[in-house]
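**Q** pasting a predicted model and its sequence here:
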Amino acid sequence: MGKTRLEAFSDGVLAIIITIMVLELKVPHGETMAALWPLLPVFLSYVMSFIYVGIYWNNHHHMLHLARGVSGGVLWANLHLLFWLSLLPFATGWMGENHFAQGPSALYGVVLLMSAVAYWLLQRSIIRLQGEDSPLARAVGGDWKGKLSPVIYAAGIVASFGAAWFSQLLYALAALLWLVPDRRIERALARHES
């Protein structure tokens, strides 16, 4: 079955997730720049989550370019990923409103961890459908970032109960890992299309 509807649906859900997150940013009561100061935690949590949604959208886009088609298993794995990503606005809002407190920071880490697991399951579903010698399987290779990220999220969850600020640093570190351009899939696309 074709992948076009899966891509369009996923793009729409991710756009809605970002829209919901930005709608949670409330306009301050006051006209001075000082009125913005209490909103800083909410804004910072929004920025972090926006970056994460962008990372997932970008990687999802690249991964699906290498997929020749999808199966029922791929569709369900994709919905599983979208489920966890759809919880980001709630976790983001709770964390920002509570100034990165322990419980909200831990929940945020759980959502990040489960999103990473769901992305891995989607990736494995596509590879299983196409075969271990597929362009996607070759591009992913050892996937050190995909293996390291869940470890960082788990460490962030544990750290949130002792030093929530440290969990935020770990979550930012994982995001930075993915912001560094990863050309594996782009190189595989170039080889596959030539």
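**A** In hand now; what should we look at?

**Q** contacts, neighbours, all on C-alpha from now
**A** Will do.

**Q** what residue ranges in the protein score low on pLDDT?
**A** Low-confidence segments of the chain (pLDDT under 70): 1, 181-182, 189, 192-194.

**Q** at 50 what do you get?
**A** Applying pLDDT under 50 to the chain flags no residue at all.

**Q** what segments of it are helices?
**A** 4-23, 40-66, 72-86, 88-97, 102-130, 135-140, 144-160, 164-179, 184-193 (DSSP state H).

**Q** what's the angle from the last one to helix 40-66?
**A** Just to be clear, that refers to helix 184-193. Inter-element angle recorded for helix 184-193 and helix 40-66: 20 degrees (by axes from the mean of the first three to the mean of the last three C-alpha atoms, to 10 degrees).

**Q** mind giving me the packing neighbours of helix 184-193?
**A** Using 3 or more C-alpha pairs under 8 Å, 6 or more residues apart in numbering; DSSP states H and E, the elements in contact with helix 184-193 are helix 40-66, helix 135-140.

**Q** repeat that with 6 Å
**A** Judged by 3 or more C-alpha pairs under 6 Å, 6 or more residues apart in numbering; DSSP states H and E, helix 184-193 is in contact with helix 135-140.

**Q** now the helix it packs on: buried residues?
**A** Neighbour-count burial for helix 135-140 flags 135-137, 139-140 (criterion: 16 or more other C-alpha atoms under 10 Å).
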